[in-house]
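Asks: fold the stuff below for me.
(chains A and B)
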Amino acid sequence: MSLSAAFNIINSAFVANAGQSAVISSNISNAGTKGYAREIANLATIASGGVEVASVGREANAALLEQVNTSTSQAACQQALSDGLTTLAQSVSDSSSATSTTGAEANGNSPSAMLANLQSALETYDASPTSSSAAQGVVTAADGLAQSLNTGATAVQNVREKADSDMASAVDTVNSLLTQFTSVNATIVSGTASGADISSAEDTRDSILTQLSQEVGISTVANPDGSTSIYTDSGVTLFQGGAARTVSFTPTATLTDGATGNAVMVDGVPITGSSSPMAIQSGALAGLAKLRDVVAPQYGAQLDQLADGLISAFSESDQTGGTAPTLPGLFTFPGASDVPPTSATTGLASEIEVNAKVDPSQGGDATLLRDGGINNDASTGADAYTYNTTGAASYTGRIAQLISATTSTQSFDDTTAKLGTSSANLGDYADASVSWLQSQNQAASNQLDYQNSVVSQATTALSNATGVNLDTEMTNMLSIENSYTTTAKLLTTVNAMFSSLLNAV
Amino acid sequence: MAASMVSTYSLGSAMLSSMARAQNQLTQLTAESSSGQYADLGLQLGDQSGYELSLRNQTNLLQSLTTANNLTVTNLKTAQAALDAIRTTAESTVKTLTSTTAGSSGAATTLQSTGTDALQSLISATNTTSNGQYVFAGDNSGVAPMADYFSSTTSAAKNAIDTAFVNTFGYAPTSSRASEISASDMQSFITGTLDPLFSGSNWTDDWSSASSTDVTTQIAPGESATTSTNANQAGFQQLAEGYAMLAEFGGSSLSTAAQQTLITSASSLINQGISSLTTTEATLGAAQTQVTDASTSMSNQLTILQTQVGNLDNVDTSAVAVQLNSLSTQLETAYQLTAQLQKLSLAQYLPVA
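Replies: From the prediction side, this is the model:
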């Protein structure tokens, strides 16, 4: 050993000090960066007895990251569902804006409340059958009910179309993230092989994975060469061997009642929808697909059933004992030629309207509600559908019949509506439909709250495990400062020793 | 080491998210404390929403039925008042008849004018309307139930009576030969020829446009009641006949015996009419009781329904107030902690070099 060896060691200490300081600076400046993993300068003794920064490590925690990603996917799925259900629930608007406990306005615009209004109007008409304003009241209430169903059907269509376009932008995001991932992955692979500092590339990789899990549920596998393979939570490959698979989706601009949207495909395999062999379980895409293909159509079918029930309850039959067909009365739809069976109701909720023949604002005669004969053919003078054959002004037989039709049990087709009710009266069916919608809304909202708190906990845990604590960094900085001071002192001392030696010569 | 470490990022964001949550709850609780109801009922009630809605709808229905019942009661009361008026006229007519002596001077004039006045008042009372409906028209309430007997063009009813007289006796009632009619001829004319003119299809053709079908009204969910009567009831026929015979033949120059027969027959008919109308009035009274009973029972149901709706919709305001209080305390603590934590940095304590 010689004094010049001491100089070399001191020099290596200065270099190591600088390296450590750089790592600490990087940590401190990224203290507020979400997803930044703390870097550690690994020191090693070199052959001469000095020190060097052998490598820069990264405080990663794959298990916690996986948990963050999984819960993010779940939360995104529930978020998409909950947003859609909230929109649907707003079309019902229930009593959330209620300011009084009485009156029609307090009951919102749900078909159920509007049906009750119609029943009230019929009771009023029943009590004063000669009153044209009472007849007009029935027509107005019927119009409100038809519009409520139209609004509901429009909301269903809007929610489905919005889900469809959201799916398209989610797929775009997925593809763009996979492209970014391809280049980051390549950097990591080559960096691992050459031993370069890849920690910032790894930060980017983790951040891309978290963003990706927002759109689609994923699972990842780390390969020995530093690359990562990505699969959907259902096992379909998204990224493997350095190449991203193409995720494709064809959006549908208009999704009318009964129309089905396209599935999201990965390499030609559908990953959403009932036809998919490996359907994704979480992520915004899963939530949107469920909303578009299951939840919203189900509600739409309930509205259709309700519309059909109304058309049937208010239909007119042959009163002369003849064979004239039963035809729609107060409620009808464009091009109606019969009362549709419960199995063929697609689109009825969006088409149902008050018959122009009874609507005074369209030149109709509201008293036809009392007398029947909406379907009489004026050109032939046939009057098979007239109920009030004597023309009595206070005839209430037909009105009483209509009231009882709205409260008597009807059959409903539960194939798509899935309300668990195939036989009920109109009011109960409408109530059950509102209950179903609000319970879905409540469940999605509760799930969302829960998943959000899981995300927040997982993020906190990950941040605590891998993030930067300023105080720790400062303490490290102090010790580096001390080490620097000591090294400097050492240099002065060795220098003094050299001087003394040279003076003595 | 790692387990006990807290990153600076999560230290800051933990406080942030708890403040955001508290503020969110604060707006919700403020809305609830001012409205007394849950901020978002649909979200709060979930699958109970339909039940809550059905309670509200039922409330709505009962309220409109109650309003409609008030209208029905008005109609019934109007009908009863008109029947009262008819009965009063009938009673005073009977009184006049009793005090009139057959054959006395002026008897003919009295009989004719009493009959005419009474018949006019019967027709006008029978054609009483309530809310634009003729109350004695049965369900044919758009048409006046009793035709105007004294119209300028001879009414069908008057024509039928005059023709019957001429056909029986061979001359008009105003003829001076009317004095030849014996009491028994008069009696057989009344029972044999006149009576059938006031019943069956003669009545509905000449006198009454009313429908014999009464109005049926729903007075409570699933409960309906007959809420009108009609001018085809026997009472109206008997009164009309009694009054009409006085108006038509009272002024004729009848013999004392025939005039006495006329007075006796008319009195008897009017008395029968009074008793028939009393029965009709009792039926209407019963209907009115049925309607008001239905309204009372619905009002009781309304109270129960509104309580149930309240149970579902309303928040416990005192609990909300307490929650609000503790929430604002929590928020204040969070603010203070944030300020404290901001000071808790090693940087604050390191000497500036």
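
Asks: am I right that A:F314 is in contact with A:V339?
Replies: No - A:F314 is not in contact with A:V339 according to C-beta atoms under 8 Å; the separation is 9.5 Å. C-beta coordinates here come from the backbone N, C-alpha and C atoms, glycine included.

Asks: more neighbours: these two, which one.
Replies: Each of A:F314 and A:V339 has its neighbours counted (other C-beta atoms under 10 Å in any protein chain shown); A:F314 has more, 24 against 21.

Asks: quick check: the more buried one vs A:P129, distance?
Replies: 17 Å (C-beta to C-beta, to the nearest Å).

Asks: what is in contact with A:F314 and A:V339 at once?
Replies: A:P328 (C-beta atoms under 8 Å, 6 or more residues apart in numbering or on different chains).

Asks: and the pLDDT for A:S2?
Replies: On pLDDT, A:S2 comes in at 81.

Asks: from the contact counts, what lies against the lowest-mean-pLDDT helix or strand in chain A?
Replies: Using mean pLDDT, DSSP states H and E, the weakest-scoring helix or strand in chain A turns out to be strand A:51-58, at a mean of 87. Secondary-structure packing of strand A:51-58 (3 or more C-beta pairs under 8 Å, 6 or more residues apart in numbering or on different chains; DSSP states H and E): helix A:3-29, strand A:39-45, helix A:199-215.

Asks: centroid residue for the chain?
Replies: With no chain named, the answer covers chain A. Centroid-nearest residue in chain A: A:A80, 0.7 Å away (criterion: C-alpha atoms, centre = their mean).

Asks: my bad, chain B
Replies: Centre-most residue of chain B, counting by C-alpha atoms, centre = their mean: B:T72, 0.9 Å.

Asks: wasn't that residue part of a helix?
Replies: Yes - with DSSP: H, G, I helix; E, B strand; the rest coil as the criterion, B:T72 is part of a helix.

Asks: that one contacts B:Q290, doesn't it?
Replies: No - B:T72 lies out of contact with B:Q290 (C-beta under 8 Å); the separation is 9.9 Å.

Asks: show me whatever sits in contact with both of those two.
Replies: Common neighbours of B:T72 and B:Q290 are listed as B:I219 (criterion: C-beta under 8 Å, 6+ apart).

Asks: now find how far off-centre the strand or helix carrying A:N446 is within its chain.
Replies: Using DSSP states H and E, A:N446 sits in helix A:426-466. Centroid separation between helix A:426-466 and its chain, computed with C-alpha atoms, centre = their mean, to the nearest Å, is 11 Å.

Asks: so, in contact with chain B or not, that helix?
Replies: Yes - contact of helix A:426-466 with chain B (C-beta under 8 Å from any C-beta of the partner chain) involves A:427-428, A:430-439, A:441-443, A:445, A:456, A:459-460, A:463-466.

Asks: residue of the stretch 151-300 of chain B closest to chain A, please.
Replies: Nearest to chain A in the stretch 151-300 of chain B, going by C-beta to the nearest C-beta, is B:V215, at a distance of 4.5 Å.

Asks: state the pLDDT value of that residue.
Replies: 88.

Asks: list the residues that contact it.
Replies: Taking C-beta under 8 Å, 6+ apart, one finds A:P129, A:S394, A:T396, B:G138, B:D139, B:S141, B:T226, B:T227, B:S228 in contact with B:V215.

Asks: what's the burial count for the last one?
Replies: Neighbourhood size, B:S228 [other C-beta under 10 Å]: 27.

Asks: now the helices for chain B?
Replies: Taking DSSP state H to define them, one finds helices in chain B at B:8-35, B:41-45, B:49-99, B:107-126, B:156-169, B:183-189, B:195-197, B:200-202, B:234-249, B:256-313, B:317-343, B:346-349.

Asks: out of the ones you listed, deepest packed?
Replies: Highest mean neighbour count of those: helix B:234-249, a mean of 25 (counted as mean count of other C-beta atoms under 10 Å in any protein chain shown).
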